[in-house]
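Trainee: How does the following fold in three dimensions:
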Amino acid sequence: MAELEGVRHEGDGRPADGQPADRGAGRDGAPPKRCAWLASLSTVLLLIASLLLERGDNAYLRVAGIVTLALASVFIFAPFFLFRRHGQSEGGGTYMQTQAVVDRGLYAITRHPQYLGYMLLASGFALLLQHWLSTILALTSIVLFYRQAMHEERYCLAKFGVWYEQYLVRVPRFNVVVGIVRLVRGVKS
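Mentor: Predicted structure coming up:
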């Protein structure tokens, strides 16, 4: 697999010490967060709309919304524990300051379980509300979270190099079904 231009890596795929700031990173060395902030704003507006808008009458869509919201909670909260346990944060850093590619648990079936969870959250509220405004807000959130995931993949490629490149080949971005099939079959990069 190709090495990233301008970024040296140790033999195990980690960036060598003393390298310049990661490509794809913001000024503070973290991945760009503009899309995440906009997606979060859209999701908050969707939550506010759920308090103000009249709900639709389709009971099947409401049940689908409740199931989707329950599933969203799993994808949103499990990564906190996975990163804390397997992310190798240095010196008391937060779970967001991981020093290793986490590829266990939900991260073995989808690269972005939290963003998928937020997308499911938006979809669940849209299904519950059944209103055109909630659909527009949910779609906006989904598109923005997807774009944020793309930004973070570029950042992680620069930060983790070959490790993350192999992870990209092995684990799909959001397709949980393909991720489960690959995991069961033991697909290796």
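Trainee: Need the three-state assignment for residue 174.
Mentor: Classification of residue 174 using DSSP: H, G, I helix; E, B strand; the rest coil returns coil.
Trainee: What distance do you get for it to residue 75?
Mentor: Distance, residue 174 to residue 75, using CB to CB, to the nearest Å: 10 Å. For every residue, glycine as well, the C-beta is placed using N, CA and C.
Trainee: Now do the SS call for residue 54.
Mentor: Under the three-state scheme (three-state DSSP), residue 54 adopts coil.
Trainee: related to what we said a few turns ago, touching both of residue 174 and residue 75, which residues are there?
Mentor: 110, 116 (CB atoms under 8 Å, 6 or more residues apart in numbering).
Trainee: ok, the two, which is more surrounded?
Mentor: residue 75 (21 against 17; other CB atoms under 10 Å).
Trainee: Chain neighbours aside, what residue packs nearest to that one?
Mentor: residue 117 (3.0 Å; CB to CB, 6 or more residues apart in numbering).
Trainee: which stretches of the chain have low pLDDT?
Mentor: Along the chain, the parts satisfying pLDDT under 70 run over 1-31, 81-100, 102, 187-189.
Trainee: Pick out the residue closest to the middle of it.
Mentor: residue 112 (2.8 Å; CA atoms, centre = their mean).
Trainee: Skipping its backbone neighbours, what lies nearest that residue in space?
Mentor: Using CB to CB, 6+ apart, the closest residue to residue 112 is residue 149 (4.5 Å).
Trainee: which SSE is the one you found in?
Mentor: Following DSSP states H and E, one finds residue 149 within helix 132-160.
Trainee: any idea which helix or strand comes after that helix?
Mentor: Assignment by DSSP H and E places the next element after helix 132-160 at helix 162-170.
Trainee: State the distance from the closest residue to residue 144 other than its chain neighbours to residue 109.
Mentor: Distances taken as CB to CB, 6+ apart place residue 39 nearest to residue 144, at 3.4 Å, with adjacent residues excluded. Distance of residue 39 to residue 109, computed by CB to CB: 22 Å.
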